[in-house]
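Structure for this input, please:
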Amino acid sequence: MSQSFRSKMISALAAGFVMTALPVFGQGVPVEGPLPTTATISVQSKSGAPLDPALLKLQVNGQDTPILSVKPIPPPGAQIAILIDDGLRSGFGNQLDDFATFINSLPPGAKVLVGYMQNGTVRGMNTFTANHQAAAAQLRIPMSVAGVNGSPYFTLSEFAKHWPSNQPGARFVLLVTNGVDPYNGRPSVMNQNSPYVQTAQEDAQRAGVAVYSIYYPQSGMRGGRGSFSGQSYLAQVGEASGGTSFNMGTITPPSLSPYLNEFSKAIAGSYLVRFNVSSARVKRDTLIRIKLKTTQPGVKIQTPNNVHPGVDLMW
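Numbering: from 1, shown residues only. Predicted structure coming up:
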């Protein structure tokens, strides 16, 4: 084999690897032209009125930007991952019926995945399914071994970067954890600058994932003095990605059903907002700052702080 032919083969293989390694939905940035981009937003309306797209105003990196379309998310367009910390206290077993009820009450066509966080990975289902009974059957009592989860933020990062679906649709994650980052020194509210939490937050934003969470205590020390720190981290990631963190302080909730109902309402009230971003000077890992406001009376919207140009989840 000639040196020239060998070089061409290596170049071709390398190019093929790069292409297959690129995430789906436009994260490979073109050389020029506008990049269709979407943001998942959740709408709360006091009157129950639907969102009026004409009253939405969008800024991208501080510049007014036209909105191309606003679409409510139909059930088949929702991808919902429920990720449970495998180090939770064994009392979580009393909540399994509430989770089964939640999954089985999802509208037909909504896709769900149930997994358990262990050592920075997800164990359980490896794909989404619209078979809600099959997904609910994956629920089990956690191992309740302190530290078995590693870090919920390692798990979130890897899950977001390797989202187990190549189909368009709105992406939701529900973390059930105490939120403590065990790799960031003292678990104190005075030590809240974790690079791992920040990385997980940005990975969720790049993948277009809205992160919701329910606080629940863990076995061992992390279930005690680290709880305030963990709750602060969960709130940070939720706010940044367009989601919400649910908790009752450090008290173990007697029932998680109210939080699951709130999560269900948030999904039902979500929309995909599409707009164009200029590809000029956009790098592959770029995050752009967005701000969405509405002048519609009685309507409040939750939006991610940042999105990745070219991540277009619209079907």
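
And the strands in the stretch 151-300 of the chain?
Assigned by DSSP state E, counting those that start in this stretch, the stretch 151-300 of the chain shows strands spanning 170-177, 209-215, 245-246, 270-278, 288-294, 299-302.

average model confidence for the first one?
Read that as strand 170-177. Mean per-residue pLDDT for strand 170-177: 97.

would you turn the strands of the stretch 151-300 of the chain into a markdown table with mean neighbour count?
All C-beta atoms are positioned from the backbone trio N, CA, C, and that covers glycine. Putting these into a markdown table (neighbours: other Cβ atoms under 10 Å) gives the following:
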| stretch | mean neighbour count |
| --- | --- |
| strand 170-177 | 26 |
| strand 209-215 | 26 |
| strand 245-246 | 22 |
| strand 270-278 | 20 |
| strand 288-294 | 16 |
| strand 299-302 | 17 |
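
Just put those in CSV and tack on distance to residue 67.
Shown next, in CSV, are these (distance: least, Cβ to Cβ, whole Å):
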stretch, distance to residue 67
strand 170-177, 17
strand 209-215, 18
strand 245-246, 28
strand 270-278, 5
strand 288-294, 9
strand 299-302, 13
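
Tell me which of those approaches residue 82 most closely.
Closest to residue 82 of those, according to Cβ to Cβ: strand 170-177, at 4.9 Å.

Determine which of the strands of the stretch 151-300 of the chain approaches residue 37 most closely.
It is, among the strands of the stretch 151-300 of the chain and with distance given as Cβ to Cβ, strand 270-278, at 4.9 Å.

Contacts for that closest one, please.
By Cβ atoms under 8 Å, 6 or more residues apart in numbering, the surrounding residues in contact with strand 270-278 are 34-43, 51, 56, 58, 60, 65-73, 77-78, 170, 172, 210, 288, 292, 309-310, 312-314.

Could you export it as CSV, CA atoms only?
Taking C-alpha atoms only, strand 270-278 is exported to CSV below (Å, rounded to 0.1, in the frame of the first residue of the first chain):
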residue,chain,number,x,y,z
SER,A,270,-44.5,23.5,27.4
TYR,A,271,-43.8,25.0,24.0
LEU,A,272,-40.9,24.9,21.5
VAL,A,273,-39.8,28.3,20.3
ARG,A,274,-37.8,28.4,17.1
PHE,A,275,-35.6,31.2,15.9
ASN,A,276,-32.5,31.8,13.7
VAL,A,277,-29.0,32.4,14.9
SER,A,278,-26.2,33.7,12.7
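
what mean pLDDT would you report for it?
Strand 270-278 comes out at a mean pLDDT of 96.

what angle sits between the longest strand anywhere in the chain and strand 209-215?
When the chain is parsed with DSSP state E, its longest strand is strand 34-45. Angle, strand 34-45 to strand 209-215, by axes from the mean of the first three to the mean of the last three Cα atoms, to 10 degrees: 40 degrees.

For strand 34-45, list every residue counted as buried.
35, 36, 37, 38, 39, 40, 41, 42, 43, 45 (16 or more other Cβ atoms under 10 Å).

and it, what does it pack onto?
Helices and strands touching strand 34-45, by 3 or more Cβ pairs under 8 Å, 6 or more residues apart in numbering; DSSP states H and E, are strand 170-177, strand 270-278, strand 288-294, strand 299-302, strand 306-307.

For the residue nearest to residue 293 when sequence neighbours are not counted, what is the enclosing helix or strand?
Nearest residue to residue 293, sequence neighbours excluded (Cβ to Cβ, 6 or more residues apart in numbering): residue 57, at 5.0 Å. Take DSSP states H and E as the rule and residue 57 turns out to sit in strand 56-60.

contacts for that strand?
64-67, 70, 273, 275, 277, 288-295.

Residue 180 reaches residue 232, doesn't it?
No: if you go by Cβ atoms under 8 Å, residue 180 and residue 232 don't touch, sitting 10.1 Å apart.

Is residue 108 in a helix, a strand, or coil?
coil (DSSP: H, G, I helix; E, B strand; the rest coil).

Could you measure from it over to residue 82?
Separation of residue 108 from residue 82 (Cβ to Cβ, to the nearest Å): 18 Å.

who's more crowded, the two?
Neighbour count, other Cβ atoms under 10 Å: between residue 108 and residue 82, residue 82 has more, with 27 against 8.

Please, which helix or strand holds the more buried one?
strand 78-85.

Let me see the ranges of the helices in the stretch 1-150 of the chain.
Under the criterion DSSP state H, counting those that start in this stretch, helices of the stretch 1-150 of the chain are mapped to 3-21, 96-104, 132-136.

Give me the average confidence score over the strand holding residue 57.
On average, strand 56-60 scores 97.

Mind exporting the C-alpha coordinates of it to CSV?
This file holds the C-alpha atoms of strand 56-60, laid out as CSV (Å, rounded to 0.1, in the frame of the first residue of the first chain):
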residue,chain,number,x,y,z
LEU,A,56,-43.6,37.1,23.0
LYS,A,57,-40.4,39.1,22.7
LEU,A,58,-37.0,37.4,22.2
GLN,A,59,-33.5,38.7,22.7
VAL,A,60,-30.4,36.7,21.7
